[in-house]
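Here is a sequence with its predicted model. Questions after.
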Amino acid sequence: MDALYVTTAGDEFGKTALKVLKNLGCRTKVLGRKESAPEGSVAVFTAIRKPHEKRPRYLRCSSVRLNDRVPEWAKTTPLQVGVFTTTDRKSRSGKGTFASALATLDLMYKTWDWTSGNPIPWADVNRDKNFKTGSIQLERDLSWRNSPASVNLIQRSRQDFTTCQRVEEQLRKEGGYFVGDPTQALQISPDFFLVSTAELETAQRNLELIPEFWKEALHLYYDAIASKDRNLEWLAKSVEGPINAEQLKWQRLVARALPKTLPLFARADLSSLYHLVEIQERIGGLGLVESWLMAIRQVAGTKNVIGDAQGFAPSFAESVKMAVGKESPVVALICPEGYQEEQGFLAQKLRSEGLSASVVSKETMEQELERRKGFLYLKRTGVRIDFLYRREINAASMALTEIGRGIMKVVLDGNITVEPPLNMIFDCKTPMAWVHDHRLKSYFSESIRAAITPTALLPEDIFTDFNLAGRTLTANDLTGHPYVVKYGGENIKYGFGGRAVYNTKDNADGVNEGLEQVRLGHPWVIQAMDETNYTVRQWDRNSGKIEFKHGAGRLMFHLVLEQSEKGTRIVTACTQIRPNHWKAIGCAEAVFQDMRLKERG
């Protein structure tokens, strides 16, 4: 058993024990004062020694003997350890230390689990002479195994194992759940990611401001490109970066043609509730998320689902039909390399919602698409395309190819809808920094400032200061402290898939790369690092065991932005927890969970 050891913030002996266990490489967590021990974790707490208990003992590992000494927060798990003292006793050999006692404890749990032939973790009943058949000690310790808490946990463990198996079977049956190949699939958890009603209401209230944020950002960008005021040049450059004259021409042509056009959709990425780190408009992994949510909901039902129980596809299809004005529009999904299976699954789901959807590889657009008489067509079928989802292309990259320029001409003729709109502002992270720039204070409301995580533009040298969350800093102040520096511009090479996102706590690599890139004209941004971590249970596909993992999370809310009386709304909500890492991205070790509302009470 890969144990998770927990204690509470007010227990000094417990915290000392967890510090030692952490140094031994064990998983540990200090609970908040109102938190209870997760079921199946090992609760470690201060225990008062009883007169008959031997004085040299550091720990009481047999849960059955602790009884009235178990604090309330630890009663939610049957695995309990009492700590009598943390002070090493004198020993000529140097053995028998507090640390060695904890190492023995962890070894006991590592060699035991609920399915083993040995019914208890703190002794081997098959070898220990004290556990003779019919002995008082055996009966007492077996009573722990047969207690309601232990029986419930055993049953829950079996149910969880079955749930994970069934989710995997469903994923394989559907497809679309991986990128590249099935070995790169995310990890399965038997649990939901639970949020309270108050947490969800806070998120909803803030996320509803995203359309207003984009409207003000667009206003600013158009002011910058229309003005001869040199004081606004920096703002336009923070969107456009170091693109060439031809690319700039096309970007401004399509941007000016769509002055008030907002995206239909968005994905808000949070690292905790509520800490918004990015607003994604070229949303990645829609097919993957759809496949995972379908599989989980097929197995576990839809009770307390956040958003649409049917997933993202119905809302996507409804929005596309409204935008195009047709009941059965033709849709092309521009697919990045390696995403064919995932995007193909999305296309399949969209077809079931009445769209004529197909996947077009980014690498073969010239061979698959053609512009004729002001419209865009699929070469293979000769069918006119009504709606194009531009996942990994933008005005700058399209300006470099004949078919890309052709698509933009179709946009300028008003004969196709492209999502997100062909304006590179929707490809950038830099507008989040505008919200908190004192020079632009009059453009954004206080509500938007409160909803958008404090963000600043990285200057091009170590001497220029900037303001972040009320602090005046320079690039020299970042290294060794909890900040995140990341590429903020439109360029796919740098900005796709978390490639250029750095933690400044450990070294200056991110700061140095960022400064070098800024000097070349590429915009980078800085945010305070949210060090929130989550404990999650993960099913190991190889061993079949369910283990506790601990790491950073990405909480993802897929949104349909205001297009009707329904307003902006959450369509799906899910999380990816990446064990043993500060940065949560959609990689093979990340654990996927469907986000659900907690039961009241």
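That came through fine.

Can you say which helix or strand has Leu138 in it?
Using DSSP states H and E, Leu138 maps to helix 136-145.

and after that helix, which helix or strand comes next?
helix 148-174.

Name the SS class of the residue lying closest to Asn476 once chain neighbours are set aside, please.
Excluding the flanking residues, the one nearest Asn476 by Cβ to Cβ, 6 or more residues apart in numbering is Ile462, at 4.8 Å. Glycine gets a C-beta too; all of them are placed from N, C-alpha and C. State at Ile462, reduced to three classes by DSSP: H, G, I helix; E, B strand; the rest coil: coil.

shouldn't Ile462 be in contact with Asp477?
No. If you go by Cβ atoms under 8 Å, Ile462 and Asp477 don't touch, sitting 9.2 Å apart.

List the buried residues for the strand ranked longest in the chain?
In the chain, taking DSSP state E as the definition, the longest strand is strand 546-560. Under the neighbour-count criterion of 16 or more other Cβ atoms under 10 Å, strand 546-560 has 546-560 buried.

Name every strand pairing with that strand and say which way it goes.
The strands beside strand 546-560 in its sheet (DSSP bridges) come out as strand 265-272 (antiparallel), strand 534-539 (antiparallel), strand 569-579 (antiparallel).

Now do that strand against helix 148-174, angle only.
50 degrees (axes from the mean of the first three to the mean of the last three Cα atoms, to 10 degrees).

how much space is there between Gln251 and Asp124?
Distance, Gln251 to Asp124, by Cβ to Cβ, to the nearest Å: 70 Å.

Which of these two has more residues huddled nearby?
Applying other Cβ atoms under 10 Å to Gln251 and Asp124 shows that Gln251 carries more neighbours, namely 26 against 15.

Now that one: which helix or strand?
helix 245-257.

Might you report the residue contacts of the nearest residue to Glu39 once chain neighbours are set aside?
Nearest residue to Glu39 in three dimensions, chain neighbours excluded: Thr77, at 5.4 Å (Cβ to Cβ, 6+ apart). By Cβ atoms under 8 Å, 6 or more residues apart in numbering, the contact list for Thr77 reads Ala37, Pro38, Glu39, Gly40, Ser41, Val42, Ala43, Ala149, Leu153.

Ok, Thr575 next?
Thr575 neighbours (Cβ under 8 Å, 6+ apart): Phe193, Tyr534, Gly553, Arg554, Leu555, Met556, Phe592, Gln593, Met595.

How far does stretch 473-487 sit from its chain's centre?
Put simply, stretch 473-487 sits 22 Å off its chain's centre (Cα atoms, centre = their mean, to the nearest Å).

Just the buried positions in that stretch, please.
Buried positions in stretch 473-487, judged by neighbour count with 16+ other Cβ under 10 Å: Leu473, Ala475, Asp477, Leu478, Thr479, Tyr483, Val484, Val485, Lys486, Tyr487.

Quick one: closest of the strands paired with strand 546-560 to Ile407.
When the strands paired with strand 546-560 are compared by Cβ to Cβ, strand 265-272 sits nearest Ile407, at 19.5 Å.

Any buried residues in that closest one, and which?
Phe265, Ala266, Arg267, Ala268, Asp269, Leu270, Ser271, Ser272.

bridging residues for the first one?
In this entry, Phe265 is beta-bridged to Val560, by DSSP bridges.

And Val359, how far from Leu264?
According to Cβ to Cβ, Val359 and Leu264 sit 19 Å apart.

my bad, Pro454
Relative to Leu264, and taking Cβ to Cβ, Pro454 is found at 28 Å.

So these two - more neighbours on which side?
The neighbour comparison of Pro454 against Leu264 (other Cβ under 10 Å) goes to Leu264, with 23 against 17.

quick one: contacts for that one?
Ser319, Val320, Ala323, Glu419, Pro420, Val560, Leu561, Gln563.

again with Leu248
Glu240.

now the buried residues of stretch 473-487 as a markdown table including secondary structure and distance to Glu327?
Below are these laid out as a markdown table (DSSP: H, G, I helix; E, B strand; the rest coil; distance: Cβ to Cβ, whole Å):
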| residue | secondary structure | distance to Glu327 |
| --- | --- | --- |
| Leu473 | strand | 54 |
| Ala475 | helix | 54 |
| Asp477 | helix | 57 |
| Leu478 | coil | 53 |
| Thr479 | coil | 56 |
| Tyr483 | strand | 49 |
| Val484 | strand | 45 |
| Val485 | strand | 47 |
| Lys486 | strand | 41 |
| Tyr487 | strand | 41 |
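
ok, which pair from those residues is furthest apart?
Asp477 and Tyr487 (20.2 Å).

mind showing which ranges of the stretch 401-550 of the chain have poor pLDDT?
494-498 (pLDDT under 70).

Ala300: how many residues sit nearby?
17.

what about the chain, any weak spots by pLDDT?
54-55, 91-95, 494-498, 563-565, 601.

after the host helix or strand of Val360, next one along is what?
Using DSSP H and E, Val360 sits within strand 356-361. Scanning forward in sequence from strand 356-361 by DSSP H and E, the next helix or strand is helix 365-368.

buried set for that next one?
Going by 16+ other Cβ under 10 Å, helix 365-368 has these buried residues: Met365, Glu368.

next one: stretch 42-61
Result for stretch 42-61 [16+ other Cβ under 10 Å]: buried residues Val42, Ala43, Val44, Phe45, Thr46, Ala47, Tyr58, Leu59, Arg60, Cys61.

now swap in stretch 356-370 and tell me
Here stretch 356-370 shows Ser356, Ala357, Ser358, Val359, Val360, Ser361, Lys362, Met365, Glu368, Leu369 as buried, counting by 16+ other Cβ under 10 Å.

For these, work out which two are farthest apart.
The most distant members of those, if one measures by Cβ to Cβ, are Ser356 and Lys362, lying 20.2 Å apart.

who's sitting farthest from the centroid in the protein?
Gly134 (52.3 Å; Cα atoms, centre = their mean).
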